[in-house]
Structure formats: structure tokens, C-alpha cells
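J.: Need coordinates for the below:
(one chain, ligands or ions: 1)
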Amino acid sequence: MEGKTKEKEELVPIFIMGKRYEVPASFTIQKAMEYAGYQLIRGCGCRGGICGACGTVYRFPGSYKIEVGLACQTVVQPNMYLTQIPFFPATKSVYDMEKIKPSIETLVKNYPELLRCLQCNTCTKSCPMDIEVMDYIAAGMRGDIARLAELSFDCVMCGLCTSRCPAEICQYNIAILGRRLYGKYIAPRAEHLASMVGEIESGKFDSMLKELMKADEETLKTLYTAREMEPEQADEDWTPKDKTYL
Ligand code: FES
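T.: The predicted structure is shown next:
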């Protein structure tokens, strides 16, 4: 052993489904659960805040407030009482995208409970992604599908909004219907796409692909480094309008 002793990390008490554990203060809820001995088979997907599998609710002693977070992103805090809600039963309509129209009638036919929204804003307060959930539901009630799609774009479908909605609306499934309608019927078409697909189908790139498949590793590295790249777009040029790929 070298002379240095690694400093011990501070431990904090947390309560997982009512049982007390001491866990490193820097851990996320997900890591803390594993540290405490839980094996995460459900309620754990990407570990990167994208898949929405790890919705978690927690509360602090003496507080009336129910807090929410993604277990893979939220760092533990002393005395949090938590449980994961990896799945919440939700209504999910089945529809044929070729046969439906981008209209309020489509939304209401598939999810009539949309019109039951009380505008209490509990959904927005329950969203770990800070999405204006109530506002996109209001856009849906107005039939503004573009706005519904835009506002719900960052949804990871964790289901926490649905778990708390007093009107029993399944917001995230309405949102994904809105984004599908927007993508299929409203978003501007990418003009170059059809010609590009045509070029691929005509076999224009077949011989190049065969050459690549025969190439050795060094050749591939050289080709990769010298590849044609689009110029980088400065961040400040980006605006939500650019989300035409929704
Ligand atoms: S594990 Fe995917 S969002 Fe947390």
C-alpha cells in the first residue's frame, strides 16, 4: 500500500421503501439503491436520463410535498423517503397512422379523457424533465398539434405525470400521438430525402460499399479521418423552429 489513505466518502441516511440505509452522499438514487443491495432488473434502462424507466417519488420528513425525479439523475439527499415507480398502468390507444388526420377529433377519439383536464398543473409539477405538461395538454384541447408536439418533445415517458393526474389522463401517450401526427402530416418535408433514397435504391453507392467492406483497418481509419463533414452549426444559430425532425 502506498502512504496515502483514500478519504472515506460521507454517508447519508435514506429510506428505500421504508427501510433505512446509509449511502454515499454523491450517489444518484439508482447507484444508492444498488449500493444498498437492490438489483435493478426493472426501473433501470439507459442510466442516462433518456429512457424514462426510473421514475421515482420521494418525500422528506415533515414535508407535505411529493418530490419526483429520475433515479439515474437525481443525487440522494439526507432522509429522503423514496420508492421507484418503474411502471404505471396507462391507457394506450391503437391507431393506424395512415388512416387518421392531424385534428382535435383524432386526439379526442383516441383519448376522450383529454377533455377532462382540470388545469391543476399537477402534471407539470410532477415532470422530472421540467416539461410544461399542462400547457401541451391545453394545446391538444385546442387542436394545436404542432404546439403539443413542440412542448412535449423532451418527454421520456416515465409516467410520473400520469401517476398523479386527478383527471386520470395519460399525458405522455397523448403527446406521442401528437408528435406522430406532427411528423407525418404537419412538419415540412425534407426535400433532399426522396432523391437520396432514390440514389441508394439505384445502386449508386453499391461499388463504394463493396470497396469499404474489403478495406483493411488502416485504410478505414484514413478514410474516416478524411471524410466529408458538414460545417458545424454554431449553438446560437439553433432555435426551436429547427425541430422539424419531430
Ligand atoms: S435509467 Fe433511463 S432515464 Fe433513468
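J.: show me where this protein has strands.
T.: 11-16, 19-24, 55-59, 67-70, 81-84 (DSSP state E).
J.: who touches the one helix or strand in the chain whose mean pLDDT sits lowest?
T.: Ranked by mean pLDDT, DSSP states H and E, the weakest helix or strand in the chain is helix 191-201, scoring a mean of 91. The contact list for helix 191-201, computed with C-beta atoms under 8 Å, 6 or more residues apart in numbering, reads F205. Quick note: C-beta positions are derived from backbone N, CA and C, even for glycine.
J.: mind saving the C-alpha coords of it as CSV?
T.: Only the C-alpha atoms of helix 191-201 are listed here, as CSV (Å, rounded to 0.1, in the frame of the first residue of the first chain):
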residue,chain,number,x,y,z
GLU,A,191,-36.7,17.9,-49.7
HIS,A,192,-33.5,16.0,-50.3
LEU,A,193,-34.7,12.8,-48.7
ALA,A,194,-36.6,11.2,-51.6
SER,A,195,-33.7,11.9,-54.1
MET,A,196,-31.2,10.4,-51.6
VAL,A,197,-33.3,7.3,-51.1
GLY,A,198,-33.6,7.1,-54.9
GLU,A,199,-29.9,7.2,-55.4
ILE,A,200,-29.4,4.5,-52.8
GLU,A,201,-32.0,2.3,-54.5
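J.: Mean pLDDT added to the strands of the chain, as JSON lines?
T.: JSON lines is the format used below for the strands of the chain (pLDDT from 0 to 100):
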{"stretch": "strand 11-16", "mean pLDDT": "98"}
{"stretch": "strand 19-24", "mean pLDDT": "98"}
{"stretch": "strand 55-59", "mean pLDDT": "96"}
{"stretch": "strand 67-70", "mean pLDDT": "95"}
{"stretch": "strand 81-84", "mean pLDDT": "96"}
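J.: Can I get those strands in CSV including mean neighbour count and distance to E168?
T.: Listed next are the strands of the chain as CSV, based on neighbours: other C-beta atoms under 10 Å; distance: least, C-beta to C-beta, whole Å:
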stretch, mean neighbour count, distance to E168
strand 11-16, 18, 28
strand 19-24, 14, 31
strand 55-59, 22, 17
strand 67-70, 21, 18
strand 81-84, 19, 21
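J.: which bits of this structure sit near the ligand?
T.: 44-47, 49-54, 70-72, 156 (C-beta under 6 Å from any ligand atom).
J.: please redo it, this time with the cut-off set to 8 Å
T.: Neighbours of the ligand within the chain, by C-beta under 8 Å from any ligand atom: 30, 43-54, 70-73, 156, 158.
J.: Please produce a PyMOL select command covering the buried subset of these.
T.: To isolate the buried members of the residues of the chain next to the ligand in PyMOL, using 16 or more other C-beta atoms under 10 Å:
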select buried, resi 30+43+44+47+49+52+53+54+70+71+72+73+156+158
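J.: what sits against the most centrally placed residue in the chain?
T.: The centroid of the chain falls nearest to V156 when counting by C-alpha atoms, centre = their mean (2.0 Å). V156 is in contact with G49, I50, C51, G52, L70, P128, M129, counting by C-beta under 8 Å, 6+ apart.
J.: between these, which is closest to the ligand?
T.: For the contacts of V156, the residue nearest the ligand by C-beta to the nearest ligand atom is C51; the value is 3.4 Å.
J.: ok, the closest one - contacts?
T.: Here C51 is in contact with G45, V156 (C-beta under 8 Å, 6+ apart).
J.: rerun that using 6 Å as the cut-off
T.: The contact partners of C51, taken as C-beta atoms under 6 Å, 6 or more residues apart in numbering, are G45.
J.: Excluding chain neighbours, what is closest to N173?
T.: K92 (5.2 Å; C-beta to C-beta, 6 or more residues apart in numbering).
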